[in-house]
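S.K.: fold the following, please.
(one chain, ligands or ions: 1)
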Amino acid sequence: MMFRNSSLLRRAVRQVSILRYNSTIAPLDSSRLTIEKTKQPKQKLPNDKLVFGRTFTDHMLEVEWTKENGWAAPKITPYHNLSLDPSTIVFHYAFELFEGMKAYKDKNGDIRTFRGDKNMIRMNKSADRIALPTFNGEELQKLIDQLLLLDKDFVPEGKGYSLYLRPTLIGTTASLGVSTPDKALLYVIASPVGPYYSSGFKPVSLEATDYAVRAWPGGVGDKKLGANYAPCVKPQLEAAQRGFHQNLWLFGEEGFITEVGTMNVFFAFQNEDGTKELVTAPLDGTILEGVTRDSILELCKERLPADEWTISERKYTIHEVEERAKKGQLIEAFGAGTAAVVSPINHIGFRNRDINVPVALGTSGELTAQVAEWIRKIQYGEEEYKNWSRVAK
Ligand SMILES: Cc1ncc(COP(=O)(O)O)c(C=O)c1O
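M.R.: So this is what the prediction gives:
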């Protein structure tokens, strides 16, 4: 091959070296999966003994990553302890992120996940934010499908029952230096869980919290980092001591409403002209990009009559909620997340004042019950909606 001049030659050499460099950095590749089945299958618990996140299935998925070689061959092996050097970077500087998603058994016995592609996108955003490696989300979904097929018998049957999936990514460099991890471990464990509300909805009472802040502009509240969760436990305990179930997280002097506990939050208002508005906070960097939130927004925009309802992602404050409750314009409110789908709210305490939130159906508002049912039907494959429910194959 002849090169017309030396700059072309230089460009060709650069191309070859880029190709050679990339070929050694392996992408996450589900076709390299190896499976070692357990020789000691665990006893499966009856549905009424399931406690969230306490027991796990027979197997787990693991994929190691190194800066030098990229993603290693994925492995499914019997569920086991991890062995890590005490200096490992995850223990000291919180190089950890996770996802929370669920698998459901449909009436044919097939196992389905709900909008896992959204979890993969969010997981990659979290990874990128703390300098951990990113990966092809579809490949991780294929690997999760294989774990689900292997541990299929652990997916409990029945309305509200599911297998909670916890994809996790940690930095595993053994060093106390605060720097970019050059080793990481991606793993997925799975826990059979029962319905959040075993006997119908139980509405919750919230403390509007302004002395502790969950997330702030320029921070990482929109990422699913383990480091976001530990600091929220003490304010929750304090709220519980004062008789509230959860914190309604406020931000700023204005008292903007952001989230509730570990859920996104929605309020429904009646307008003076008789129309209604469903409101949730916008994704401004302080709000976790909830999959349930997104699903509720989309279904409500599509299914609620447009001449009656406005669906808004806008900033709103505890003062607006208090004002509108006083005027009788607060219709209902609910938290939204994978664990419960929706969690009805019946009371908010704010600076020693009470805001009572109507629950028209006794334990929830009408819209709260309606969206819960819309989403449940798609999750359990009773209704096919777009590509939101994926059957593990
Ligand atoms: C802080 C926070 N907000 C909102 C959510 C709801 O997100 P999703 O609907 O994706 O479960 C969660 C739960 O994952 C959360 O931890």
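
S.K.: and stretch 335-342 with the ligand, contact?
M.R.: Yes - legend: contact between stretch 335-342 and the ligand by C-beta under 6 Å from any ligand atom is shown at 337-338. Backbone N, C-alpha and C define where each C-beta goes, glycine included.

S.K.: so what touches that stretch?
M.R.: In this structure, residues lying in contact with stretch 335-342 by C-beta atoms under 8 Å, 6 or more residues apart in numbering are 52, 100-102, 196-197, 204, 246, 260-266, 280, 290-293, 296, 334, 343, 345, 364, 368, 371-372, 375-376.

S.K.: over to stretch 350-365?
M.R.: For stretch 350-365, the external contacting residues (C-beta under 8 Å, 6+ apart) are 200-203, 207-208, 268, 318, 321-322, 325, 330-334, 342, 344-349, 366, 369, 372.

S.K.: mind running it again at 7 Å?
M.R.: The set of residues that contact stretch 350-365 without belonging to it, under C-beta atoms under 7 Å, 6 or more residues apart in numbering, is 200-203, 208, 268, 318, 321-322, 325, 330-333, 344-348, 366, 369.

S.K.: just stretch 101-108 next, same as before
M.R.: Under the criterion C-beta under 7 Å, 6+ apart, residues 111-114, 116, 119, 148, 155, 157, 162-165, 338, 379-381 lie in contact with stretch 101-108.

S.K.: circling back: now, the contacts of stretch 335-342 that are in helices?
M.R.: 291-293, 296, 368, 371-372, 375-376 (DSSP state H).

S.K.: what's the most distant pair in these?
M.R.: Pairwise distances among those were taken by C-beta to C-beta; the largest, 17.7 Å, belongs to 291 and 368.

S.K.: the two: which has the busier surroundings?
M.R.: Per other C-beta atoms under 10 Å, whichever of residue 291 and residue 368 has more neighbours is residue 368, with 29 against 25.

S.K.: returning to what we had before: just the buried residues from the contacts of stretch 335-342, in ChimeraX please.
M.R.: Remark: buried members of these, expressed as a ChimeraX selection using 16 or more other C-beta atoms under 10 Å:
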select :100,101,102,196,197,204,246,260,261,262,263,264,265,266,280,290,291,292,293,296,334,343,345,364,368,371,372,375,376
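
S.K.: can you tell me, leaving aside adjacent residues, what's nearest to whichever residue of the stretch 1-150 of the chain sits closest to the ligand?
M.R.: For the stretch 1-150 of the chain and the ligand, the shortest gap (C-beta to the nearest ligand atom) falls at residue 100, measuring 4.6 Å. Closest residue in space to residue 100, ignoring its immediate chain neighbours: residue 338 at 5.1 Å, by C-beta to C-beta, 6 or more residues apart in numbering.

S.K.: just residue 272 next, same as before
M.R.: Using C-beta to C-beta, 6+ apart and skipping the chain neighbours, the partner closest in space to residue 272 is residue 329 (8.0 Å).

S.K.: distance check, the one you found against residue 321.
M.R.: In this structure, residue 329 and residue 321 are separated by 10 Å, where distance is defined by C-beta to C-beta, to the nearest Å.

S.K.: more neighbours: which of these two?
M.R.: In this comparison of residue 329 against residue 321, neighbours counted by other C-beta under 10 Å, the higher total goes to residue 321 at 24 against 17.

S.K.: hang on, isn't the more buried one packed against residue 330?
M.R.: Yes - at 6.5 Å, residue 321 and residue 330 qualify as touching, with contact defined as C-beta atoms under 7 Å.

S.K.: hey, what's in contact with both of the two?
M.R.: If you check residue 321 and residue 330 against C-beta under 7 Å, 6+ apart, the residues they both contact are residue 267.

S.K.: show me the domain layout of the protein.
M.R.: According to automatic domain parsing, the chain is divided into the following domains: 26-193, 204-388.

S.K.: start and end of the last one, how far apart?
M.R.: Going back to what we said before, that points to domain 204-388. Distance across domain 204-388, first residue to last, is 29 Å (C-alpha to C-alpha, to the nearest Å).

S.K.: same check on the first one?
M.R.: Using C-alpha to C-alpha, one end of domain 26-193 lies 35 Å from the other.

S.K.: where in the stretch 1-150 of the chain is pLDDT low?
M.R.: Along the stretch 1-150 of the chain, segments meeting pLDDT under 70 span 1-23.

S.K.: let's see 80
M.R.: Applying pLDDT under 80 to the stretch 1-150 of the chain flags residues 1-24.

S.K.: contact residues of the stretch 51-200 of the chain facing the ligand?
M.R.: Where proximity means C-beta under 6 Å from any ligand atom, the interface of the stretch 51-200 of the chain facing the ligand comprises residue 100.

S.K.: all helices of the stretch 51-200 of the chain, in order?
M.R.: In the stretch 51-200 of the chain, the segments counted as helices under DSSP state H, counting those that start in this stretch are 89-93, 116-129, 137-150.

S.K.: and these: which comes nearest residue 220?
M.R.: Taking C-beta to C-beta as the criterion, helix 116-129 is the member of the helices of the stretch 51-200 of the chain that comes nearest to residue 220, at 6.1 Å.

S.K.: circling back: and the residue of the stretch 1-150 of the chain closest to the ligand, what is it in contact with?
M.R.: Taking C-beta under 7 Å, 6+ apart as the definition, contacts of residue 100 comprise 164, 166, 338.

S.K.: gap between it and residue 314?
M.R.: Plainly put, residue 100 is 26 Å away from residue 314 if you go by C-beta to C-beta.

S.K.: tell me, how many residues neighbour residue 241?
M.R.: When neighbours are defined as other C-beta under 10 Å, residue 241 has 8 of them.

S.K.: local confidence estimate at it?
M.R.: Predicted confidence (pLDDT) at residue 241: the value is 98.

S.K.: nearest residue to the middle of this protein?
M.R.: The centroid of the chain falls nearest to residue 100 when counting by C-alpha atoms, centre = their mean (4.3 Å).
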